[in-house]
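Visitor: this one's structure only:
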């Protein structure tokens, strides 16, 4: 595709209508260089032309009114002009610039948003940015591969930013991943691989898993260490469980406490009963002994004297002394018989009560022993607390282990899929090298023509895939020479792509060529005019070699009095 036209207009008028041709196209800043004036920064809009084309090819357009180094200080005059006047930018791309009837792509955009946003391709409104660039990718490069993106593919064609004019192949932003560059480089070489988007996602997922594993290792150590920690914790849990089982706690503790209280009550009652019985028994025995003593302790002499005196008064007493004694003894015997008659029953009751008391004492002892085991609950609580802490650690480490195992499983799956994709890419190694060899035929010729030096493109392979490196055999070039080599690379690519029928943009847009020596500028312009391309250059008039017919190649002339937007 060639760049045929850039149209800047609002709803009332056309502000700029720029038509491009094959070969060299100058966007000239006519402002003369005065003493002590820098050669760049005149702000007439020559770089803006490149950025307007880039805007129509999918950029957000912010660099038109916002410096990349001073994003917080936008040019509000330009921004307000573009938005308040509803400036519409149209770019026309054509397949063959030498054929008026050649198929073309017409792109229209404005700087407004939402319902006022204009974003069209061939008259069809496509307001979603991703759908817009994907449509351009299909129309221009005849591909629907996910990676590289359209913006990445065309990044070397419009070199309007500093990094693009200092890096030959590293033309994307500083945050671009190596696998994205690999997809881009392979595409430039004509290898459109459907799985490059999948590889990019896999690499992102791989980095996520690797970051997760680093965090897991930082938190609790690697998987092996966590497994060893779990072994130690499980051993401790086993020991503590064994200690806990020794206690064999009574599950009927409350019931046994109640039973013990009842037993103690019964013991007290039986003890009291026994005491009463024994006291009764003892009192009877004491009475018995006292009565028995009366048998032996009676003073028979006194009774006899008493009997003799009574006989003096009562001569006819019929009871003899012996009978009196007998009566006395019989009376005592009757008393003994009476008071001792309950002794057997008492003895029986005492024996039974003692037996009951003994049984109750045994039961009390059993219940006390049983309940005394509960007295170690404080120690048990410590063990249970320690067990809980170990189980908590175990749970945490098992969770960490699970995270590790899940992550390793995911990572293994990712690496397996990556190996399949990488093996497919590696299988094209011969093709890649042959393409680079083909490219170097043009690149070395052009670089030698420019500086009498050979520059080579090579494709070293690393763990993330293929890379592209431009090697200068003579060391790092100066900034002016580097810009010349960038131009040589871009020209060589168009020759290479045309030779292999690879779809590409046939226009190269470069800024900041002022410090390239006249000899190399002449050579660059000569090359551009003799190959199938457009070399669109924004440049100060005073820096164009004097032997060049400026008017012949100028498509737009600007100055302090004739700025791009007229403001």
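Guide: All right, it came through fine. Bear in mind the structure is a predicted one, so any value in this text is a computation, not a measurement.
Visitor: what's the burial count for the nearest residue to residue 540 once chain neighbours are set aside?
Guide: Distances taken as C-beta to C-beta, 6 or more residues apart in numbering put residue 29 closest to residue 540, at 4.9 Å, once the chain neighbours are dropped. (Each C-beta comes from the backbone N, C-alpha and C, glycine too.) Counted with other C-beta atoms under 10 Å, the neighbours of residue 29 add up to 29.
Visitor: And residue 220, by the same measure?
Guide: Residue 220: 18 surrounding residues under other C-beta under 10 Å.
Visitor: low-confidence ranges in the stretch 151-300 of the chain?
Guide: Applying pLDDT under 70 to the stretch 151-300 of the chain flags residues 246-251, 253-254, 257, 294-300.
Visitor: Could you report the distance from residue 260 to residue 363?
Guide: Distance, residue 260 to residue 363, using C-beta to C-beta, to the nearest Å: 9 Å.
Visitor: go on, residue 223?
Guide: Taking C-beta to C-beta as the measure, residue 223 and residue 363 are separated by 59 Å.
Visitor: The stretch 351-500 of the chain: helices as residue ranges?
Guide: Assigned by DSSP state H, counting those that start in this stretch, the helices in the stretch 351-500 of the chain fall at 377-426, 429-451, 479-499.
Visitor: so what secondary structure elements neighbour the first one?
Guide: Put plainly, it is helix 377-426. For helix 377-426, the packing partners by 3 or more C-beta pairs under 8 Å, 6 or more residues apart in numbering; DSSP states H and E come out as helix 196-220, helix 223-247, strand 465-466.
Visitor: Return the most buried member of those.
Guide: Comparing the helices and strands packed on helix 377-426 by mean neighbour count (mean count of other C-beta atoms under 10 Å), strand 465-466 ranks first with a mean of 23.
Visitor: List the neighbouring strands of that strand plus their orientation.
Guide: Using DSSP bridges, the strands paired with strand 465-466 are strand 461-462 (antiparallel).
Visitor: List of residues touching the strand it pairs with?
Guide: Applying C-beta atoms under 8 Å, 6 or more residues apart in numbering, the contact partners of strand 461-462 are 178, 426, 467.
Visitor: How about stretch 436-456?
Guide: 189, 457-459, 470-474, 477, 481, 484-485, 488-489, 491-493, 495-496, 499-500, 520, 523-524, 527.
Visitor: Just the buried subset of those, written out for PyMOL, thanks.
Guide: Selecting just the buried residues from those in PyMOL takes one command, with 16 or more other C-beta atoms under 10 Å as the test:
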select buried, resi 189+457+459+470+472+477+481+484+485+488+489+491+492+493+495+496+520+523+524+527
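Visitor: Return the helix or strand in this structure with minimum mean pLDDT.
Guide: Lowest by mean pLDDT, DSSP states H and E among the helices and strands of the chain is helix 300-313, with a mean of 69.
Visitor: Just after that helix, pick out the following helix or strand.
Guide: Per DSSP states H and E, the first helix or strand lying C-terminal to helix 300-313 is helix 321-340.
Visitor: circling back: how about the residue nearest to residue 540: which residues does it bridge to?
Guide: Beta-bridge partners, per DSSP bridges, of residue 29: residue 540, residue 558.
Visitor: Surely it touches residue 559?
Guide: Yes. The criterion here is C-beta atoms under 8 Å, and residue 29 meets it with residue 559 at 6.8 Å.
Visitor: Now for these two: what residues contact both?
Guide: Common neighbours of residue 29 and residue 559 are listed as residue 44 (criterion: C-beta under 8 Å, 6+ apart).
Visitor: Let's verify residue 538: helix, strand, or coil?
Guide: Put simply, residue 538 is strand when judged by DSSP: H, G, I helix; E, B strand; the rest coil.
Visitor: and it, how far is that from residue 16?
Guide: When residue 538 is compared with residue 16 (using C-beta to C-beta), they lie 14 Å apart.
Visitor: for residue 360, same thing?
Guide: Going from residue 360 to residue 16 by C-beta to C-beta gives 118 Å.
Visitor: ditto for residue 25
Guide: Distance, residue 25 to residue 16, by C-beta to C-beta: 14 Å.
Visitor: Which one's more surrounded, the two?
Guide: Shown here are residue 25 and residue 16; by other C-beta under 10 Å, residue 25 has more neighbours (24 against 17).
Visitor: My read is that that one contacts residue 539, right?
Guide: No. Applying C-beta under 8 Å as the test, residue 25 and residue 539 come out as separate, 10.6 Å apart.
Visitor: residue closest to the middle of the chain?
Guide: residue 212 (6.4 Å; C-alpha atoms, centre = their mean).
Visitor: rewinding a little: and which of the contacts of strand 461-462 is nearest to residue 340?
Guide: Of all those, residue 178 has the smallest distance to residue 340: 119.8 Å, by C-beta to C-beta.
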